[in-house]
Every structure is written in C-alpha cells, then in structure tokens.
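Asks: Here is the input, now give the coordinates:
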Amino acid sequence: MTTPPTLEEQLVAFYTADCDESGRLARQKNWLEFVRTRKLLRARLPTAPAKILDVAGGTGVHAAWLAAEGYEVELIDIVPEHVASAQALSRSLDTAFTARVGDARSLEAGDASVDACLLLGALYHLPEAADRSAALAEAARVTRPGGLVCASAISRYAWPLYGLRDGSLSPERAATIAETLTTGRDAPVGLLPGAFSHRPGDLADELRGAGLTEVEVSGIEGPGWVLFTPDLPEDRADGLLEAGLRAARLCDGHADMAVMSAHLLACGRR
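Replies: Purely as a prediction, here's the structure:
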C-alpha cells in the first residue's frame, strides 16, 4: 500500500512542477497584490537597517525590495527550488539577502533575534489550527519585544468573487465554494494544495493567541482585484492598477471592507 504524500511533500511538488512562484506577482492580474503589500509593509515596518525574517518568502520577491531599502533580510522557505531561486536573485542584487530552507512551524532563529517577522504565505498552506498556531508562536518567539509580526492570509469571502472574475461559478463550483466558506479548507478555485482561508476576525484572534498585541487586519487589494482578469489586455493594466490602488486606499481604516480583498494582512506587536 502506497503511503500518501505529506502536506510538505505536496507543497514541494506543487511549487516545483506546477506553479511558477517567481513569476506570480509579476503577472498583470497580481500587480495590485504586490504593490499594496509593499505599501502596507512600508507604513508599518521599523526603519532600516532593522533585521527582518521573511518566513515562507518564496523566491525572494519581497526580500529583494526590502534588502534594496537597507534592511537586513533572511528568507526561509520549505521549497528547496524557491530557496535556490532566491539565492540566485540575491547574487544579482546590489544589496544581498540570505536564504535557506526552513519550516515556519520550527524556526532556527534565536529568541528575540529579529526586529520584524513576515509570514506572507505560510498560513495559506496550514489547514490545521495547531500548525498555524505553531507558526505564529514561532514568529512571535523570534521577534524582539516591541517588534512586529505581519502575516498574510487568503480572504475566505473572496472565493465567490474569484469564480465570478474567472467565469467559473458553475453550480458545481458554487457548491465547493459554499463548503470552503464554512470550513476555510481547500481552494475551490484553483489547485493550491492544503489551502486554508481566513475570516478577518479569526485571523486577528490567531495573532492574539500567539501573544501579539495591537493587532490590526487590513485588506490588501481592496475590491479592485476582480478587474484583473486572466485575459486582461496589457494596455489596460496600468490604468486599472491606479484605479485599484485608489479604491484600496478608500477602504483603508474601514475594517468591514477587508473582506472585499483577495488577501488579508494582519500585523501585531510582540
């Protein structure tokens, strides 16, 4: 009898063979997510040259700009190919960052050793509450007192909008979305393995459960992300990006509007 692959093995296989993570945020339909994530972090992070641990940092898309702005950045990721790509990217930069393989649930960094810890994707892939709790507890442990922990999450209520945007809201797909709206589990639009999506209040509670204070949850993209369809003509993308950023700014400070985003960003103090 064949032993089914573990979640870690599924993730490594998915990101090695099925998903080009290095190009994901460079694609037009994801521009808004990248630009807004960077803007929200810039407004909250301590000033450079603070030390930042970029947990589940992928191929280095955020580590690169953080290093360029003077931060001391270490990236870890569970996917060896991501780490190899991040290391290659770092070597091409004027200001390098370090990258190594690691697991968000068991960090090698010492207690209170960084000024800020980012989890910009780890929670997407942890459907078990105990695993998410472990990852957030580790992030809090390695962050100095007064430092910042920021964690992104998939917005649970975005799934019907994904279906509408991509023209895939069939009765069968609607049934699977309804299940995810109840449980948070799986990716009813797309192929993301071991997916989990959050409600804003639940995400805030998980950060507080890790001992973090001053917790705030923001919608990353605002409502404009639904305009970035897979077949969006290139000559329309720039104009839509500006409109999308404007709409997202209008939602900032209005907690009830966070659910309109495809992704959430929660930040709390150690």
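Asks: for the stretch 1-150 of the chain, what spans make up the helices?
Replies: Remark: helices assigned in the stretch 1-150 of the chain by DSSP state H, counting those that start in this stretch are 7-13, 21-24, 31-42, 61-68, 80-91, 129-142.
Asks: right, so of those helices, which gets closest to A243?
Replies: helix 31-42 (9.7 Å; CB to CB). To be clear about C-beta, it is placed using only N, CA and C from the backbone, and glycine gets the same treatment.
Asks: can I get the CA coordinates of stretch 59-77 in CSV?
Replies: Only the C-alpha atoms of stretch 59-77 are listed here, as CSV (Å, rounded to 0.1, in the frame of the first residue of the first chain):
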residue,chain,number,x,y,z
THR,A,59,11.7,33.1,-4.5
GLY,A,60,12.5,36.5,-2.8
VAL,A,61,10.1,38.9,-4.4
HIS,A,62,9.7,40.8,-1.1
ALA,A,63,13.1,40.1,0.3
ALA,A,64,14.7,41.8,-2.8
TRP,A,65,13.0,45.2,-2.3
LEU,A,66,13.4,45.1,1.5
ALA,A,67,17.2,44.5,1.1
ALA,A,68,17.4,47.3,-1.5
GLU,A,69,15.9,49.6,1.1
GLY,A,70,18.6,48.8,3.6
TYR,A,71,17.0,46.1,5.7
GLU,A,72,19.0,43.0,6.8
VAL,A,73,16.8,40.2,5.4
GLU,A,74,16.9,36.5,5.9
LEU,A,75,14.5,34.4,3.9
ILE,A,76,13.4,30.9,4.7
ASP,A,77,11.1,28.6,2.6
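Asks: And that stretch, what's buried?
Replies: Buried residues in stretch 59-77, counted by 16 or more other CB atoms under 10 Å: 59-67, 71-77.
Asks: Does E72 touch A50 like I think?
Replies: Yes: counting by CB atoms under 8 Å, E72 does reach A50; the two are 7.2 Å apart.
Asks: List the residues that contact P230.
Replies: By CB atoms under 8 Å, 6 or more residues apart in numbering, P230 lies in contact with 29, 166.
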